[in-house]
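S.K.: how would this look folded up:
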Amino acid sequence: MESHTTEISQYDVIFIGSGIGSLAAASLLAQWEKKRCLIIEKHWQAGGYTHAFKRKKKYVWDVGLHYVGQVAEGEQIRRVFDVITQGKLQWNRMPDAFDKFVYPGKTFDHRTGIENYRADLEAMFPAEKDNIAGYFQDVDDVLIWFQRNEMGKNLPMLLKWLVPLIKKENPYALMTTRDYLAQRFDDEKLRAIVASQWGDYGLPPSQSAFCIHAILVNHFFNGAAYPVGSAEAIAENIIPIIEAAGGKVITSHAVEEIIVENGKATGVRVKNLRPAAAQTASVPAASPAAVVTAGSEGVTDATSEISAPIIISCAGAYNTYVKLLKTEETADFKQRIVDFNKRNPPVSHISVYLALKESPAKLGLKGENHWIYDSWDHEETFRRGTSWVKAGRPPMAYLSTPSLKDPKAEGHTAEIISFAPYGEYAEWKEQPWHKRDEAYKALKENAAQLLIAYVSERVPGFADLVDFYEISTPITTEYMTSHDQGAIYGLACVPERFDIDKSPWCQVHTPVKNLYLTGADSTSLGIAGAMMGGVATCAHIMKPWHLPKLLKLV
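M.R.: Here you go, the predicted structure:
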């Protein structure tokens, strides 16, 4: 992996962004078709939301992966990871009660195993036993609907005739989660508990599609695990596979435009973001006409054009259609996506990355996640989330302890995450990263202190363990990823996002020949969803005889 290139030969596929969608697709293409894949990453570290960072040589934090379901031996997501890493990625199972839902006066332990989860719900709400049984059946039915829906919209063009045979109607899939839960359950606290993980898809029940709720809860029915060696082990195990086939991953390079000629994607225009003093060859050899000019703050403004027969964007639908494409073929999509984002603003967050003096196990923590809420009403929680720093108290927080999940961890760590409105931080977005003014630093510090105090109320002694911490805000995420408003889940998972007629940009196929989408917006969000986007993308560009192998991964 390099931060600059001294020579770029002909590549078969160019990927924009090094998220798990790109890594998965590039690994499969490298292994099964010996494709030479070039992955271009803006950040100085590959992996997208699967990368991690380290401080003082021992404290490691993940930025987007906190736990993954369906990775027990033989389960679907494990099968895919085993193929794309050639079996080298190892997993550490989290505790039996891997999620704790902490409410005023009550804590619910989400235990591993669908029967355990169901039994615990029935024990707490015996009058709702029949409704609980109906809920689990509905989740299963909606999951089948989703799988068929995704398969239908992402079938290769030669197989589109199968869509009418595959598609299946479901009355609940495109309801809002709130409408479904109100119809299914009588007890408001039961509705709250089953929706406790809504932070994993970023929208409260009134806005989220029930299908994304069903996918998420099903994903964790059989428990969760964490990568041994932290989230960065994913890229570390995949990149050598890509390189072995003649591919390369370059970091500190930003794709500024997808080049389209006569309706075909032919390449990308790339800017080298590496500091000038560190550059030995700022421009790929394949582009001798590239223009090099001096940029601000020691960055050489080196731009170049790189060509390939196939271009795959893992930059998200918004970035791809709104920022990177300048062609008439996608003008309609561009305006409609802008309108979609106005109606359904992206979800952003604040994270506090804490180095701890001692193991959090001394406080009784075992590596489980804590979803801490001030209220049983998730709509109230979401409303309060729009201005909680000024109000002086967060409405919720998610607590993770990565060092208890990873047996290779050397230093003890924790993360506290909560939602944060982009607008509260937007005025500082034009100031340089790590050089923003004192007012911004004070706002961040206040938010961090409020979150630490909030967690300490439910986990006594937590604040005393803190050695030091760092904070990221929505504009940090926006700067690092280029995602609009620091979005962490791609386009909002409202019902229309999963209706192909209303959101035709949420699929692998694009209106531009030889250009494909991968990652979360092509299929579904999260690590697993974005990875399956990589599998779906391969179905479009691989030789037909690989389809049976791909279908085994679905």
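S.K.: quick check: His43 touching His51?
M.R.: Yes: using C-beta atoms under 8 Å, His43 is in contact with His51, at 7.2 Å. No exception for glycine: its C-beta is placed from N, CA and C like everyone else's.
S.K.: those two - which one has more neighbours?
M.R.: Higher neighbour count among His43 and His51: His51, with 25 against 20, using other C-beta atoms under 10 Å.
S.K.: can you tell me how far that one sits from Pro204?
M.R.: 29 Å (C-beta to C-beta, to the nearest Å).
S.K.: find the residue at the geometric middle of the chain.
M.R.: Gly526 (4.2 Å; C-alpha atoms, centre = their mean).
S.K.: from what I can see Ala397 touches Ile452, true?
M.R.: No: because the distance of 9.4 Å does not satisfy C-beta under 8 Å, Ala397 is recorded as not touching Ile452.
S.K.: which residues do these two both contact?
M.R.: Common neighbours of Ala397 and Ile452 are listed as Ile416 (criterion: C-beta atoms under 8 Å, 6 or more residues apart in numbering).
S.K.: ok, these two, which is more surrounded?
M.R.: Taking neighbours as other C-beta under 10 Å, Ala397 and Ile452 compare with Ala397 leading, 25 against 18.
S.K.: okay, and the beta partners of the more buried one?
M.R.: Beta-bridge pairing for Ala397 (DSSP bridges): Ile372.
S.K.: list the contacts of it.
M.R.: His370, Ile372, Ile416, Ile417, Ser418, Leu451, Tyr454, Val455.
S.K.: at 7 Å instead, please
M.R.: Ile372, Ile416, Ser418, Leu451, Tyr454, Val455 (C-beta atoms under 7 Å, 6 or more residues apart in numbering).
S.K.: those residues in strands, which ones?
M.R.: Ile372, Ile416, Ser418 (DSSP state E).
S.K.: quick check, the first one in contact with Arg458.
M.R.: Put plainly, it is Ile372. Yes: judged on C-beta atoms under 7 Å, Ile372 makes contact with Arg458 at a distance of 5.3 Å.
S.K.: mind listing the shared neighbours of these two?
M.R.: Common neighbours of Ile372 and Arg458 (C-beta under 7 Å, 6+ apart) are Val102.
S.K.: more neighbours, these two?
M.R.: Just comparing Ile372 and Arg458: by other C-beta under 10 Å the higher neighbour count belongs to Ile372, 23 against 15.
S.K.: measure that one to Val102 for me?
M.R.: 4 Å.
S.K.: joint contacts of the two?
M.R.: Between them, Ile372 and Val102 share the contacting residues Arg458, judged by C-beta under 7 Å, 6+ apart.
S.K.: remind me, longest helix of the chain?
M.R.: If you go by DSSP state H, the chain has its longest helix at helix 129-153.
S.K.: can you map out the strands along the stretch 401-550 of the chain?
M.R.: Listed in chain order, the strands of the stretch 401-550 of the chain (DSSP state E, counting those that start in this stretch) span 413-419, 466-472, 515-517.
S.K.: so what's the residue count around Asn272?
M.R.: Asn272, neighbours per other C-beta under 10 Å, totals 27.
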